[in-house]
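**Q** Structure, please.
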Amino acid sequence: MSQDRNRNSEFGALFEAHLARLTTEFQIGDRVKGTVTAVDRNSIFVDIGARCDAVIDRSELQDETGQPKVKPGDPIEAFCIGTTDEGVRLTTRMSGKVADASLAEAYESGIPVEGRVMSERKGGYEVQVAGQNAFCPYSQMDTHRREPSAYLGERFTFVVTEYDDGGNLVLSRRRCLEQEQAAHRATLRQSLTEGAMVDGVVTRVMPFGAFVDLGAGVEGLVHVSELGWGRGIKAEEVVAAGQAVKVSVLKLDWDNNRISLSLRHAQQDPWDRLLAEGALVEGRRCQGTVTKLMPFGAFVELEPGIEGLVHVSRLGAGRRVGHPSEVLKEGDQVEVSVLHVDPEKRRISLTMEDTAGDLGPETLPPAAEPADGAAPDAGPAVRAGARLTGTVEGHRDFGVFVKLTEEQTGLLHISQVELQTTGNQGRALYRKFPPGSSLEVVVLAVDGRRISLTLPETLEREAERQQVSDFSDAGGASLGSLDGIFGGLKLE
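**A** So this is what the prediction gives:
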């Protein structure tokens, strides 16, 4: 029994010591730190080292969807607004009599206060805080300026930046927003990854794109080229301020506070859809819009994000066309037929040669007829766009002569050849194309007996270069390469 009495005595002493360490008195305006112990439908309970947990209204710490922003175990900092029989009442924002009694302390310690925007005045806004009139400059109301009507009559949290006994009270809401942004950015930095799909709200629409709020004012930019799959998109035609959107994270640059987003990558790729539907079939007729004219052909948009190339040799319906501008201009609505589809490279070759005929939508276009009335067995037709195999016949410093038929010889000019040398280029041509060797070439132009040639790989490089320089903002559409340009041609 003596041991039990000793144990009870020790426990009583420890309990009394614990009670002695508990804070029993709190003054209105006291700043306290604690730990969240529980969250229920109406209240959040906080251990602040008192005899019982303090209470905060749940409405102060919940998001737009009504979900609490804190959970048991989270540290929290708040202010005493009074005591009741049930315990200490806390708030995370100073308002009412708390703010009235402690504006000086709020100024000294940076405690946030709550105020209501009453009216607009020269240089900013008049804000009422705890029955006192205060001033918030335009530059301190938000991280970026909006219409005054967006603030009038609303209640916000502010920081006191100037205070004196004469009644001079200056506020800043921007500092509160920036603190929230910094905290939210730190959270996003841990959770956000490139390629993730996230929800946001459009805040501003500019000619170069749209800014999207990812939460607590943390913004990312959707460049105009990422707003959709089509070409020539205007931001104001796609999104509007206040619109909720789902975006894909393209790039995160936390050091420079830049987040690049994409709206189109959050949508279905039109190529995937058309391939799944089986809509891209050779021989199909389509309506399209001419988007770009190049020396080698015309690009035609079949639908947003889907473009094909009509090679210059397929523009004239049987007659020679020197440049696409002779028969087309950008913006023209045209009817084309699909010659060839390369699903892997996502390239489409088109033709306008048979669109005036009577082909069905799924029939293949007819083979090209020999030029100049030549008989079918008269050998290959030497015409612009034809891919031929000839024989190296001779060399000059300015190029190589290639025999194409018994009566026709073309010139492969040195400018059409990529030579890895800084020395004698004529000698380099001789070594690269020995006399009598076979050589595959593409006819650039035929002017009487003068035939200009190029190499397939030269056209490949030119087409790829044009894609990079002229179509980098084409909504991600992959356009023609040599295979795309000549894939559907009948090469003789």
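**Q** The stretch 101-250 of the chain: helices as residue ranges?
**A** Per DSSP state H, counting those that start in this stretch, the stretch 101-250 of the chain carries helices over the ranges 174-191.
**Q** Low-confidence bits of it, can you list those?
**A** Applying pLDDT under 70 to the predicted model, the residue ranges of the stretch 101-250 of the chain that meet it are 101-102, 105, 165-167, 216.
**Q** can you give me the strands in it?
**A** Listed in chain order, the strands of the stretch 101-250 of the chain (DSSP state E, counting those that start in this stretch) span 113-121, 124-129, 132-137, 155-163, 169-172, 197-206, 209-213, 219-223, 244-253.
**Q** ok now the second one, how far from the chain's centre?
**A** So that's strand 124-129. Mean-position distance between strand 124-129 and its chain equals 38 Å (CA atoms, centre = their mean, to the nearest Å).
**Q** now swap in the first one and tell me
**A** On the basis of CA atoms, centre = their mean, the separation between the geometric centre of strand 113-121 and that of its chain is 37 Å.
**Q** tell me which element residue 276 is part of?
**A** Residue 276 is located in helix 270-277, with elements delineated by DSSP states H and E.
**Q** if I look at the residue nearest to residue 123 when sequence neighbours are not counted, how far off is residue 129?
**A** Nearest in space to residue 123, with sequence neighbours left out and distances taken as CB to CB, 6 or more residues apart in numbering, is residue 137 at 5.9 Å. Yep, even glycine has a C-beta here, placed from its N, CA and C like the rest. As for residue 137, its distance to residue 129 is 15 Å (criterion: CB to CB, to the nearest Å).
**Q** Of the two, which one has the most company?
**A** When neighbours are counted by other CB atoms under 10 Å, residue 129 comes out ahead of the other of residue 137 and residue 129, with 23 against 14.
**Q** Show me what the spatially closest residue to that one that is not a sequence neighbour is bridged to.
**A** Closest residue to residue 129 apart from its sequence neighbours, by CB to CB, 6+ apart: residue 115 at 3.9 Å. Taking DSSP bridges, one finds residue 156 as the beta-bridge partners of residue 115.
**Q** The one 10 residues further on too?
**A** As for beta bridges, residue 125 partners with residue 120, residue 136 under DSSP bridges.
**Q** ranges for the helices of the stretch 351-492 of the chain?
**A** Taking DSSP H, counting those that start in this stretch as the criterion, the stretch 351-492 of the chain carries its helices at 425-432, 456-470, 482-486.
**Q** With distance to residue 458 added, can I get the strands of the stretch 101-250 of the chain in TSV?
**A** Compiled in TSV, these are given as follows (distance: least, CB to CB, whole Å):
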stretch	distance to residue 458
strand 113-121	66
strand 124-129	64
strand 132-137	63
strand 155-163	64
strand 169-172	63
strand 197-206	41
strand 209-213	37
strand 219-223	33
strand 244-253	34
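**Q** Which one of those lies nearest to residue 104?
**A** Closest to residue 104 of the strands of the stretch 101-250 of the chain is strand 155-163 (CB to CB; 6.2 Å).
**Q** buried stuff in that closest one?
**A** Buried positions in strand 155-163, judged by neighbour count with 16 or more other CB atoms under 10 Å: 156-161, 163.
**Q** Then stretch 274-284?
**A** Burial within stretch 274-284, assessed by neighbour count using 16+ other CB under 10 Å, is assigned to 274, 280, 282, 284.
**Q** What's the mean pLDDT across that stretch?
**A** Looking at stretch 274-284 alone, the average pLDDT works out to 78.
**Q** can I have it written out in PDB, keeping just the CAs?
**A** The C-alpha coordinates for stretch 274-284 follow below in PDB (Å, rounded to 0.1, in the frame of the first residue of the first chain):
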ATOM      1  CA  LEU A 274      -8.800  10.900 -87.300                       C
ATOM      2  CA  LEU A 275      -6.500   7.900 -87.400                       C
ATOM      3  CA  ALA A 276      -8.800   6.100 -84.900                       C
ATOM      4  CA  GLU A 277     -11.900   7.000 -87.000                       C
ATOM      5  CA  GLY A 278     -10.100   5.900 -90.200                       C
ATOM      6  CA  ALA A 279     -10.900   9.200 -91.800                       C
ATOM      7  CA  LEU A 280      -7.500   9.800 -93.300                       C
ATOM      8  CA  VAL A 281      -7.600   7.400 -96.300                       C
ATOM      9  CA  GLU A 282      -5.900   7.800 -99.700                       C
ATOM     10  CA  GLY A 283      -8.200   9.000-102.400                       C
ATOM     11  CA  ARG A 284     -10.500  10.900-100.000                       C
END
